[in-house]
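[1] The following block contains a protein sequence and its predicted model.
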Amino acid sequence: MIDKAVRFYHSGLFDWFVQRVTALLMTAYLIFMLIYLFINPDLSYGQWEALNKSLGMRAFTFLTMIAMLSHAWIGNWCVLTDYVTERLIGPKANFIRNSIRFGMAILTFAYIAWAINILWRF
Amino acid sequence: MLTVSIYRYNPEIDQEPYMQDFEFDAQGKDLMVLDVLEKLKVEDPTLVFRRSCREGVCGSDGVNISGKNGLACITPISDAVRGNKLVIRPLPGLPVIRDLVIDMAQFYAQYEKIQPYMINDSAPPKIERLQSPEERSKLDGLYECILCACCSTACPSFWWNPEKFIGPSGLLQAYRFLADSRDTGTEERLSNLDDPFSVFRCHGIMNCVQVCPKGLNPTKAIGHIRKMLISSPA
Ligand code: SF4
Ligand code: SF4
Ligand code: FES
């Protein structure tokens, strides 16, 4: 079972799968927001606050946020391993790529913390 | 008069590659690009390119013709001339040996990786391993590949990672064996392909489909492999 999970994680299938699922989630969020704004043309602050304060909406927003960050993390890895490689830019490539990855990891955690802070502050 | 602009590079004399223009009179005939090259070679014997069958079967004369990869021998100049100009370059993405001749070692290395032969350890029957017409028809659109490399050298994913991404040609061949009812190596083949690069570097932009001179569809084959990987138990 664990073997299987570890193998799945290291296979290209995992990233591929995550990209699809996260894309669906982000699309769902976008469509939901558009429809909500469309059927509530004169939205009051109170309504907007009530919507975003509900547990369901908080969870939905948070999950979408995680989806977006995972999607960006994988996409960024793909772009970097296409263009920032020893083949294309020489021996410095690995250092540059790993530095960008490191920066991106810090940024990702910062965003998660920030999202939690926003979503559960009010 | 037609202007034919050809990529020239002879590493023994040239510092760097350059484009050489030839004036060419097709005498109103719709020649194939290979005919043009042959005639120009009479004029300038130092011009180097590969060719053999001159009928789209051997796959040796894949070149980049006015920006699109194809076989010189079956591309009529009427399809390739833009504004009275024909531009011929080597296939992109692989090292140039001289003029239009590229080093295909990387391409063949990827082909070798997918084990392009039947895997079946069971004792062979007396005469041959039979297939039903339905089983045989699964190989249509796959077995016709002539390994011309037009597709793989048109694929950005192959340009950036030619040592890790198998490329459309190799993957089409991989599926050719995965789809063969006589082959028993399915699991082994799939487990060699499930890393993040071999198959999954394909982003489905279909450059390969656009250029294949045999009208094959590597993207579709890659989709089938992906589906097999998803549903495989390992
Ligand atoms: S799939 Fe088509 S373009 Fe690619 S190597 Fe085979 S014949 Fe050539
Ligand atoms: S569809 Fe895939 S294999 Fe074909 S050119 Fe695009 S990335 Fe390459
Ligand atoms: S010369 Fe054989 S395919 Fe063109």
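    Received the coordinates, thanks. Ligands and ions are numbered 1, 2, ... in the order given.

[2] what residues does chain B put near ligand 1?
    Within reach of ligand 1 by CB under 6 Å from any ligand atom, chain B has these residues: B:145-151, B:168-169, B:172, B:212, B:214, B:216, B:218. (Glycine included, C-beta is placed from N, CA and C.)

[3] Pass me the low-pLDDT residue ranges in chain A, would you?
    Along chain A, segments meeting pLDDT under 70 span A:1-2, A:4, A:122.

[4] Kindly apply the preceding question to chain B instead.
    B:233-234.

[5] Closest one to chain A out of the residues of chain B next to ligand 1, please.
    residue B:168 (16.1 Å; CB to the nearest CB).

[6] can you give me phi and psi for that closest one?
    phi -60, psi -40 (degrees, to the nearest 10).

[7] Quick one: neighbours of it, just the number.
    Using other CB atoms under 10 Å in any protein chain shown, residue B:168 has 31 neighbouring residues.

[8] re earlier: put together JSON lines for the residues of chain B next to ligand 1, with secondary structure and distance to residue A:108 on each row.
    Listed next are these as JSON lines, based on DSSP: H, G, I helix; E, B strand; the rest coil; distance: CB to CB, whole Å:
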{"residue": "B:145", "secondary structure": "coil", "distance to residue A:108": "42"}
{"residue": "B:146", "secondary structure": "coil", "distance to residue A:108": "46"}
{"residue": "B:147", "secondary structure": "coil", "distance to residue A:108": "43"}
{"residue": "B:148", "secondary structure": "coil", "distance to residue A:108": "44"}
{"residue": "B:149", "secondary structure": "coil", "distance to residue A:108": "40"}
{"residue": "B:150", "secondary structure": "coil", "distance to residue A:108": "40"}
{"residue": "B:151", "secondary structure": "coil", "distance to residue A:108": "36"}
{"residue": "B:168", "secondary structure": "helix", "distance to residue A:108": "33"}
{"residue": "B:169", "secondary structure": "helix", "distance to residue A:108": "37"}
{"residue": "B:172", "secondary structure": "helix", "distance to residue A:108": "37"}
{"residue": "B:212", "secondary structure": "coil", "distance to residue A:108": "40"}
{"residue": "B:214", "secondary structure": "coil", "distance to residue A:108": "45"}
{"residue": "B:216", "secondary structure": "coil", "distance to residue A:108": "41"}
{"residue": "B:218", "secondary structure": "helix", "distance to residue A:108": "35"}
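
[9] Can you add distance to residue A:78 and give these back as CSV?
    Shown next, in CSV, are these (distance: CB to CB, whole Å):
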residue, distance to residue A:78
B:145, 27
B:146, 31
B:147, 27
B:148, 28
B:149, 24
B:150, 25
B:151, 21
B:168, 18
B:169, 21
B:172, 22
B:212, 25
B:214, 30
B:216, 26
B:218, 19
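
[10] Please, where are all the helices along chain A?
    A:2-10, A:12-39, A:45-53, A:55-83, A:86-89, A:93-119 (DSSP state H).

[11] Looking at these, spot the one closest to chain B.
    helix A:12-39 (3.1 Å).

[12] For residue A:101, state which of the residues of chain B next to ligand 1 is nearest.
    residue B:168 (28.6 Å; CB to CB).

[13] State the distance from the closest one to residue B:198.
    According to CB to CB, to the nearest Å, residue B:168 stands 12 Å off from residue B:198.

[14] Can you tell me the closest non-neighbouring residue to residue B:70?
    Nearest residue to residue B:70, sequence neighbours excluded (CB to CB, 6 or more residues apart in numbering or on different chains): residue B:213, at 5.5 Å.

[15] Got phi/psi on that neighbour?
    Torsion angles, degrees, to the nearest 10, at residue B:213: phi -70, psi -20.

[16] State whether it and residue B:73 are indeed in contact, as I suppose.
    No - Residue B:213 lies out of contact with residue B:73 (CB atoms under 8 Å); the separation is 9.3 Å.

[17] which of the two has more neighbours?
    Using other CB under 10 Å, the more surrounded residue of residue B:213 and residue B:73 is residue B:73, with 23 against 19.

[18] these two touch, right, that one and residue B:50?
    No - using CB under 8 Å as the test, residue B:73 is too far from residue B:50 to be in contact (10.7 Å).

[19] any common contacting residues for those two?
    residue B:61 (CB atoms under 8 Å, 6 or more residues apart in numbering or on different chains).

[20] per-domain residue ranges of chain B.
    For chain B, automatic domain parsing gives the domain ranges B:2-102, B:105-231.

[21] which SS class is the residue lying farthest from the centre of chain B?
    Relative to the mean C-alpha coordinate of chain B, counting by CA atoms, centre = their mean, the farthest residue is residue B:126 (36.4 Å). The three-state label given to residue B:126 by DSSP: H, G, I helix; E, B strand; the rest coil is coil.

[22] Check the gap between the residue in chain B that chain A sits nearest to and residue B:221 for me.
    Nearest residue of chain B to chain A: residue B:200, at 3.1 Å (CB to the nearest CB). For residue B:200, the distance to residue B:221 equals 14 Å [CB to CB].

[23] swap in residue A:46?
    When residue A:46 is compared with residue B:221 (using CB to CB), they lie 56 Å apart.
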